[in-house]
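Student: Have a look at this fold, sequence not included:
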Ligand code: MN
């Protein structure tokens, strides 16, 4: 059975947690998810990656602006420095191994920044208030339109060039990391999806397909394709 390593969040009390939706979507895809506790020891990260077939980098708090060479502005939200110190090297190691990576929301931002990209620390203040991306109160429903590049990984998986997504983010990719191809834009032009051509399967999405995958086929199809690439 395919094993998927899942990165956790860290609570203020020091507990590692992750929303069940991620695990349920991986189960439905026929794989076994395993939570990866935080470590800063790269030898331990290596050992973990040797035992899983794919890496799911999940959502969470903001990436520390120090990770992309910026000062933290007042508009930046709460950060997760311990996760940054775990997920950035973990992501780079998985890329070196050409391990399939599915990166969601904060994970999609981690993927891009690990490749040298930068973020808008706050969309409304630094990009524009045209579209309301931080809709945390509607976690499991579609709130905005999205256009998908024809022929891209997202298009090939879903067979769609346009669909609606949920939106639970106030940050987004400003400049994509090296080699990343932008494959989806929200209706205001903001980057919502990236892939890394030349790799087996590296997909980053700004929305939360795990929270839609119990009701929407194209959301579950992303997990199915990811697990398929891990076989
Ligand atoms: Mn959005």
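Tutor: Arrived safely. All figures in this text were calculated on a predicted structure; none of them were measured in a lab.
Student: quick one: the strands in the protein?
Tutor: In order along the chain, the chain carries the following strands (DSSP state E): 3-6, 9-10, 16-17, 32-35, 54-57, 101-104, 118-120, 144-148, 162-165, 172-175, 181-186, 191-195, 202-205.
Student: want to try JSON lines for those, with mean neighbour count, mean pLDDT and distance to residue 231 as columns?
Tutor: No exception for glycine: its C-beta is placed from N, CA and C like everyone else's. Listed next are the strands of the chain as JSON lines, based on neighbours: other CB atoms under 10 Å; pLDDT from 0 to 100; distance: least, CB to CB, whole Å:
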{"stretch": "strand 3-6", "mean neighbour count": "21", "mean pLDDT": "98", "distance to residue 231": "11"}
{"stretch": "strand 9-10", "mean neighbour count": "18", "mean pLDDT": "96", "distance to residue 231": "28"}
{"stretch": "strand 16-17", "mean neighbour count": "12", "mean pLDDT": "97", "distance to residue 231": "27"}
{"stretch": "strand 32-35", "mean neighbour count": "16", "mean pLDDT": "98", "distance to residue 231": "13"}
{"stretch": "strand 54-57", "mean neighbour count": "28", "mean pLDDT": "99", "distance to residue 231": "9"}
{"stretch": "strand 101-104", "mean neighbour count": "28", "mean pLDDT": "99", "distance to residue 231": "14"}
{"stretch": "strand 118-120", "mean neighbour count": "22", "mean pLDDT": "98", "distance to residue 231": "33"}
{"stretch": "strand 144-148", "mean neighbour count": "19", "mean pLDDT": "98", "distance to residue 231": "25"}
{"stretch": "strand 162-165", "mean neighbour count": "17", "mean pLDDT": "98", "distance to residue 231": "26"}
{"stretch": "strand 172-175", "mean neighbour count": "20", "mean pLDDT": "98", "distance to residue 231": "29"}
{"stretch": "strand 181-186", "mean neighbour count": "20", "mean pLDDT": "98", "distance to residue 231": "23"}
{"stretch": "strand 191-195", "mean neighbour count": "26", "mean pLDDT": "98", "distance to residue 231": "19"}
{"stretch": "strand 202-205", "mean neighbour count": "26", "mean pLDDT": "99", "distance to residue 231": "16"}
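Student: Rebuild those strands as TSV, extending it with distance to residue 82.
Tutor: Putting the strands of the chain into TSV (distance: least, CB to CB, whole Å) gives the following:
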stretch	distance to residue 82
strand 3-6	16
strand 9-10	6
strand 16-17	10
strand 32-35	15
strand 54-57	15
strand 101-104	18
strand 118-120	19
strand 144-148	31
strand 162-165	29
strand 172-175	23
strand 181-186	29
strand 191-195	25
strand 202-205	21
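Student: Pairing partners for the residue nearest to the spatial centre of the chain in the sheet, please.
Tutor: Nearest to the mean C-alpha position of the chain, by CA atoms, centre = their mean, lies residue 104 at 2.0 Å. Beta-bridge partners of residue 104, counted by DSSP bridges, are residue 205.
Student: so who does it touch?
Tutor: Residue 104 makes contact with 22, 56-59, 204-205, 207-210, according to CB atoms under 8 Å, 6 or more residues apart in numbering.
Student: Closest to residue 154 out of the residues you listed?
Tutor: Of all the contacts of residue 104, residue 154 sits closest to residue 205, with 7.8 Å by CB to CB.
Student: how far out from the middle of the chain is stretch 141-152?
Tutor: Put simply, stretch 141-152 sits 15 Å off its chain's centre (CA atoms, centre = their mean, to the nearest Å).
Student: With distance to residue 29 added, can I get the contacts of residue 104 in TSV?
Tutor: As requested, the contacts of residue 104 are exported to TSV (distance: CB to CB, whole Å):
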residue	distance to residue 29
22	11
56	11
57	16
58	15
59	18
204	18
205	15
207	18
208	16
209	11
210	11
